[in-house]
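**Student:** next input, structure requested:
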Amino acid sequence: MTKIAILGANGRMGRVLIEATELDENVSLVAASVRSDSQWVGMDVGELSGIGKRNLAVTGSLDPDQARIDVVIDFTLPAALEQNLQWCIDNNKAVVIGTTGLNTSQKSLLETAAKHIPIVFAANYSVGVNLMLNLVRQAASVMGKTADIEILEAHHRFKKDAPSGTAVAIGEAIANELGRDLNTCAVYGREGDTGERDQSTIGFATVRAGDVVGEHTALFAEIGERLEITHKASSRLTFAKGAIVAAKWLKAQPPGLYSMQDVLGLTK
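**Tutor:** Numbers count the residues shown, from 1 in each chain. As a prediction, this is how the structure comes out:
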C-alpha cells in the first residue's frame, strides 16, 4: 500500500487526484493540504472533491510528523515549488511533480533536490501522451530531415502557460532525435509577411478555449503527404491515474530525477 499526500487539494487536478486515490485499491490518501489562508482548511477531502465524506480533513500545511506519508503529489503552482521541494527534502519524502510552466531556475531546483530524494517530474502523466513521445521520435527519425514539423495544442480557457508543457516536451523529443536545439529552432507565432517556411524549424500553435481538457498533435508534412500523431484527453482523471501510477513506482526508487518514460519503461 502506497500512502499518498496531495498538495493543492482544492485545485482542478487536486480534486481529481483525490478521486483517483479512491479508485486504486493499492494506494491510500493520508493527507491533503491547501494554502494556510484557504477557505478549504478543515473541510473533508471527500466533500471537497465531490466523492462523499472520507473522514480526512484538509490541512493548511503538511505536518512534518506525518511519518506515514510515502509519496507527495504536487500539482500546484511554480511559485510554490521551492517550498514544497524543501519540505520533501527535510522530511525525506518522494514527490511526484506535475506543476507546469517551470522556468530554467526551477528545473535546476529539481535536479538539486533529486540528489536527496526520488522525484518524478513530467509535463504530462497520461500513458497515451508518453507513448506519443516515443512515436514522435520514431516519426522524426524517418521523416524529420525533409518534413515540415508543427505542433498544435489546445486547452481550456483557464490554462495560464503557453505553449503547454506537453507541447514543449513533444518538441524537445523531436528536436533531440534530429540533433537540433529547440531553444533556437522553435517558432511560437507567425504574423504578417514571414517569408517561406524554414524546414529546420519546429512550429507551435496554441488554442485556449472553453473546457478543452487537452489535445496535442505532432504534424509531419511533406509535399504530397502528411503524418499526424494526435492525443486527445477527455478527462483529467487520465492524468491523475497516471500520477498515481508514478507514485506507486516511485516509492521503491532511490534518490534521482525520473520521468514518466522511466515509470512506464519507455526510456530509449
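**Student:** shaky segments in the stretch 1-150 of the chain?
**Tutor:** For the stretch 1-150 of the chain, the stretches with pLDDT under 70 are 64-65.
**Student:** try 90 this time
**Tutor:** Scanning the stretch 1-150 of the chain with the threshold set as pLDDT under 90 gives 12, 35-38, 40, 42, 46, 48-55, 60-68, 100-102, 123-124.
**Student:** where do the strands of it begin and end?
**Tutor:** With DSSP state E, counting those that start in this stretch as the criterion, the stretch 1-150 of the chain has strands at 2-7, 27-33, 71-74, 94-97, 118-121, 148-155.
**Student:** what does the first one contact?
**Tutor:** In this case it means strand 2-7. The set of residues external to strand 2-7 that reach it, using C-beta atoms under 8 Å, 6 or more residues apart in numbering, is 14, 17-18, 21, 26-33, 62, 66, 68-76, 80, 84, 93, 244, 247-248, 251. In this view, the C-beta of every residue, glycine as well, is placed from N, C-alpha and C.
**Student:** ok, now with 7 Å
**Tutor:** 14, 17-18, 21, 26-33, 62, 68-74, 76, 84, 247-248, 251 (C-beta atoms under 7 Å, 6 or more residues apart in numbering).
**Student:** and what of the fourth one?
**Tutor:** With contact meaning C-beta under 7 Å, 6+ apart, strand 94-97 is reached by 70-74, 88, 117-121, 243, 246-247, 250-251.
**Student:** for residue 267, state which of the residues you listed is nearest.
**Tutor:** residue 120 (12.6 Å; C-beta to C-beta).
**Student:** what sits against the closest one?
**Tutor:** The contact partners of residue 120, by C-beta under 7 Å, 6+ apart, come to 96, 97, 246, 250, 258, 260, 263.
**Student:** between those residues, which has the most around it?
**Tutor:** residue 96 (30 neighbours; other C-beta atoms under 10 Å).
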